[in-house]
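Novice: got a predicted model here, sequence first, then my questions.
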Amino acid sequence: MPYQPTVSERTDFDGFPRRLPDQEAILIGQVSGDSEFGGLTAYYIHGRDSILLGRYEDREFVPGYGVECESRLMSACVREFSRADVRTELSSVGNALLQAWHFGDLTPLSHKQAHVYALRERAGFGRDETAAILDISPSTVDTHLRRAKEKLAAAKNLVRFVRVDPEDLADADPEFFDEAGVEEDASSSNDITPPS
């Protein structure tokens, strides 16, 4: 029996597999429209840390072109693909990773934590599929997700704290200002004086 490449059962678009494990390839999107690249699929290739465009034929991806990517991060490469000079359409993985790029820039999450958070919490991918997409172990997925949730909870608590009216806070806990070394009387001033 001839060799049959392994492909994932889950697909996007018109039956393109999300993952091609033998080629370490993850479906990111496709080029649509009438350009010379129209109809080509885009796969992120682990080990090359880049996105390649090509055709999916006989259960294999045949690359023909590359997408320039300044960073080795998957989400950065997806962002570059989405901003290409051609009309692109992102896969479910591609959409999650583009969202991860923004999480990494706008939140306290590292980009790796943002990748896991976007895939697991926002896009609903399972633990094992997230691990396979990112080419990391399932336990690393768990660690990144736990840390991401901790950081986001801490940021949310900080925002909630900053929005609290100081008078309400003082009423809730009168010792707050004493413990923090802050005077309650806003009219008092602290003059800066030279050390004696």
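Specialist: Received it, and whenever you're ready, just let me know what you need.
Novice: tell me which residue is most central in the protein.
Specialist: Closest residue to the average C-alpha location of the chain: residue 100 at 1.9 Å, with Cα atoms, centre = their mean.
Novice: show the contacting residues for that one.
Specialist: 74, 75, 111, 114, 115, 117, 118, 119 (Cβ atoms under 8 Å, 6 or more residues apart in numbering). Glycine gets a C-beta too; all of them are placed from N, C-alpha and C.
Novice: cool, residue 96 as well?
Specialist: Taking Cβ under 8 Å, 6+ apart as the contact definition, residue 96 lies against 118, 119, 122, 123, 125.
Novice: could you confirm the second one falls within a strand?
Specialist: The reference is to residue 119. No - Residue 119 is assigned helix when assessed by DSSP: H, G, I helix; E, B strand; the rest coil, not a strand.
Novice: so who does it touch?
Specialist: By Cβ under 8 Å, 6+ apart, the contact set of residue 119 is 93, 96, 97, 100, 125, 129, 130, 133, 134.
Novice: local confidence estimate at residue 103?
Specialist: Looking at residue 103, its pLDDT is 86.
Novice: return whichever strand or helix holds it as CSV; C-alpha atoms alone will do.
Specialist: Taking DSSP states H and E as the definition, residue 103 sits inside helix 92-106. Extracted in CSV, the C-alpha atoms of helix 92-106 (Å, rounded to 0.1, in the frame of the first residue of the first chain):
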residue,chain,number,x,y,z
SER,A,92,-10.5,29.5,12.4
VAL,A,93,-6.9,29.0,13.6
GLY,A,94,-5.8,32.1,11.7
ASN,A,95,-8.5,34.2,13.2
ALA,A,96,-7.6,33.1,16.7
LEU,A,97,-3.9,33.8,16.2
LEU,A,98,-4.7,37.2,14.8
GLN,A,99,-6.7,37.9,17.9
ALA,A,100,-3.7,36.6,20.0
TRP,A,101,-1.5,39.1,18.3
HIS,A,102,-3.7,41.9,19.6
PHE,A,103,-3.9,40.3,23.1
GLY,A,104,-0.2,40.2,23.3
ASP,A,105,0.1,43.9,22.4
LEU,A,106,-2.8,45.2,24.5
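Novice: bridging residues for the residue lying closest to residue 38 once chain neighbours are set aside?
Specialist: With Cβ to Cβ, 6 or more residues apart in numbering as the criterion, residue 38 has its nearest non-adjacent residue at 5.7 Å, and that residue is residue 31. Here residue 31 sits in beta bridges with residue 88, going by DSSP bridges.
Novice: if I pick residue 31, what's in contact with it?
Specialist: Contact analysis of residue 31 by Cβ under 8 Å, 6+ apart lists 37, 38, 39, 40, 42, 53, 84, 86, 87, 88, 89.
Novice: what about it, distance to residue 101?
Specialist: Counting by Cβ to Cβ, to the nearest Å, the gap from residue 31 to residue 101 is 20 Å.
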